[in-house]
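Participant: Mind looking at a prediction? Sequence and model below.
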Amino acid sequence: MLNTHLLLAILTLWTGLLGGSVSHAFQASVPPSIVLPRTSSVQPAVEHHSTTTKLFGGFMDEVGTFFKRFTQKASASHILIKGGPEAANKLEELKVEIDNSPVKFAEAASRFSSCPSARKGGELGEFGPGQMVKEFDQVVFNDDVGVVHGPIKTQFGYHLIYVTDRTE
């Protein structure tokens with residue numbers, strides 16, 4: 001039952017954040033253990049933001065992050081070389097030769113990558129957060145687009161990653 005009340009409280013907060021007003025009868029139906037801000041349509045939404053943050057301790061930020069997983073996408077290519085430090089060294093050499101050129105990156109991926117994507121110039125297509133290993137995701141969803149990144153070590157080996165596109 002508390003989960004239902006918590007959901008109602010969240011909906012109440014969203015209504016207040018959007019500038020709407022919440023009926024007093026509805027607020028009275030929520031148990032006293034859940035504190036709701038008293039809102040009116042004339043209060044600016046900015047005032048409600050700090051109340052929301054205090055009440056839910058960043059919960060709304062986590063909800064936003066959760067929904068980003070469904071809306072944020074990226075496209076990238078990579079070069080994978082399996083092995084230890086010698087693989088990282090080879091990728092460092094390739095990175096200098098490639099110099100952020102997508103054409104040179106695709107050629108190097110075709111020649112040196114041990115991933116099946118090598119046949120497509122290392123192209124991985126479009127994907128969302130959480131679909132690749134953590135180290136890969138960190139680069140693809142946080143670092144610059146149109147730049148060669150790496151070498152990045154993952155459980156599969158060492159990678160150079162070229163982020164071709166990202167949508168928020």
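Facilitator: Yep, it's here.

Participant: Can you list the low-confidence ranges for the chain?
Facilitator: With pLDDT under 70 as the threshold, the chain has low-confidence stretches at 1-70.

Participant: What residues sit buried inside stretch 139-154?
Facilitator: For stretch 139-154, a neighbour-count test (16 or more other CB atoms under 10 Å) marks Val139, Val140, Phe141, Val148, His149, Gly150, Pro151, Ile152 as buried. Every C-beta, even on glycine, is put in place using the N, C-alpha and C of the backbone.

Participant: For stretch 106-118, measure first residue to last.
Facilitator: With CA to CA, to the nearest Å as the measure, stretch 106-118 spans 8 Å from end to end.

Participant: neighbouring contacts of it?
Facilitator: The contact list for stretch 106-118, computed with CB atoms under 8 Å, 6 or more residues apart in numbering, reads 77-82, 90, 94, 97-98, 119, 121-124, 156-157, 160.

Participant: For PyMOL, write the select line for the buried members of the residues you listed.
Facilitator: For the buried members of the contacts of stretch 106-118, the matching PyMOL selection, counting by 16+ other CB under 10 Å, is:
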select buried, resi 77+78+79+80+81+90+94+98+121+122+123+124+157+160
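
Participant: that older thread, any chance of the buried residues of stretch 139-154 in TSV, with secondary structure too?
Facilitator: Formatted as TSV, the entries for these read as follows, by DSSP: H, G, I helix; E, B strand; the rest coil:
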residue	secondary structure
Val139	helix
Val140	helix
Phe141	helix
Val148	strand
His149	strand
Gly150	strand
Pro151	strand
Ile152	strand
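
Participant: which pair in those residues spans the largest distance?
Facilitator: Phe141 and Pro151 (18.4 Å; CB to CB).

Participant: now Met101: how far from Gly122?
Facilitator: Met isn't right for residue 101; it's Ser. When distances are taken as CB to CB, to the nearest Å, Ser101 and Gly122 turn out to be 13 Å apart.

Participant: Check which helices and strands the lengthiest strand in the chain sits against.
Facilitator: As far as residue count goes, and with DSSP state E defining each element, the longest strand of the chain is strand 157-167. Packing partners of strand 157-167 (3 or more CB pairs under 8 Å, 6 or more residues apart in numbering; DSSP states H and E): strand 73-81, helix 85-98, helix 102-112, helix 134-142, strand 148-154.

Participant: So which of the ones you listed is nearest Asp165?
Facilitator: Each of those has some distance to Asp165 by CB to CB; the shortest is strand 73-81, at 4.3 Å.
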